[in-house]
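*Asks:* This is a predicted model, with the sequence first.
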Amino acid sequence: MKEMARFLLTPPVAFILILLISWLLSFFSSRIAYRPKGTQEGTRKAYACGEDTYNAMVQPDYSQFFIFAYFFTLAHVAVLIVATMPKGALDVFGIALMFIVAVLISLFVLFRREA
């Protein structure tokens, strides 16, 4: 019995079981879900407060994404280095301090404002 419980908790078996239970729940709940008999025109259209919607193609601009990605990368690596530093190692402290100073300098360069 203990081996069966251990087998059910292995990740592939647990994933398949949860997937099967979710599919069954979705299938049976769709059987009892409300469906209107006749569909009105515009039922599946987007609601825009009574105005017509225009399907304009949106061109996302990722120019500011790089700044935040770089900032979070530097901040997380700096915290990781400081947090995993051994207690009594003075040479590692110097390396970590140099890295933190480099991070601060690069952040000043990153967020500088042009006059």
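*Replies:* Looks like it came in fine. Numbers count the residues shown, from 1 in each chain.

*Asks:* Every contact and neighbour count from this point should use C-alpha atoms.
*Replies:* Noted.

*Asks:* Which residues does stretch 95-105 contact?
*Replies:* Residues external to stretch 95-105 that are found in contact with it (Cα atoms under 8 Å, 6 or more residues apart in numbering): Leu74, Ala75, Ala78, Ile81, Val82, Met85.

*Asks:* and what of stretch 12-29?
*Replies:* Phe7, Leu8.

*Asks:* are any of the contacts of stretch 95-105 buried, and which?
*Replies:* With neighbours counted by 16 or more other Cα atoms under 10 Å, these contain buried members at Leu74, Ala78, Ile81, Val82.

*Asks:* now, which of these lie within helices?
*Replies:* Per DSSP state H, helices hold the following members of the buried ones among the contacts of stretch 95-105: Leu74, Ala78, Ile81, Val82.

*Asks:* Next, format those residues as a markdown table and append pLDDT and distance to Phe68.
*Replies:* Conversion of those to a markdown table gives the following (pLDDT from 0 to 100; distance: Cα to Cα, whole Å):
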| residue | pLDDT | distance to Phe68 |
| --- | --- | --- |
| Leu74 | 78 | 10 |
| Ala78 | 77 | 15 |
| Ile81 | 74 | 20 |
| Val82 | 73 | 21 |
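
*Asks:* returning to that earlier point: among the buried ones among the contacts of stretch 95-105, which one lies nearest to Arg112?
*Replies:* Using Cα to Cα, Leu74 comes nearest to Arg112 of the buried ones among the contacts of stretch 95-105, at 16.2 Å.

*Asks:* if I look at that closest one, how far off is Phe99?
*Replies:* Distance of Leu74 to Phe99, computed by Cα to Cα, to the nearest Å: 10 Å.

*Asks:* hang on, the earlier thing: dump the contacts of stretch 95-105 into a markdown table; add distance to Glu3 as well.
*Replies:* Putting the contacts of stretch 95-105 into a markdown table (distance: Cα to Cα, whole Å) gives the following:
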| residue | distance to Glu3 |
| --- | --- |
| Leu74 | 46 |
| Ala75 | 45 |
| Ala78 | 44 |
| Ile81 | 42 |
| Val82 | 43 |
| Met85 | 41 |
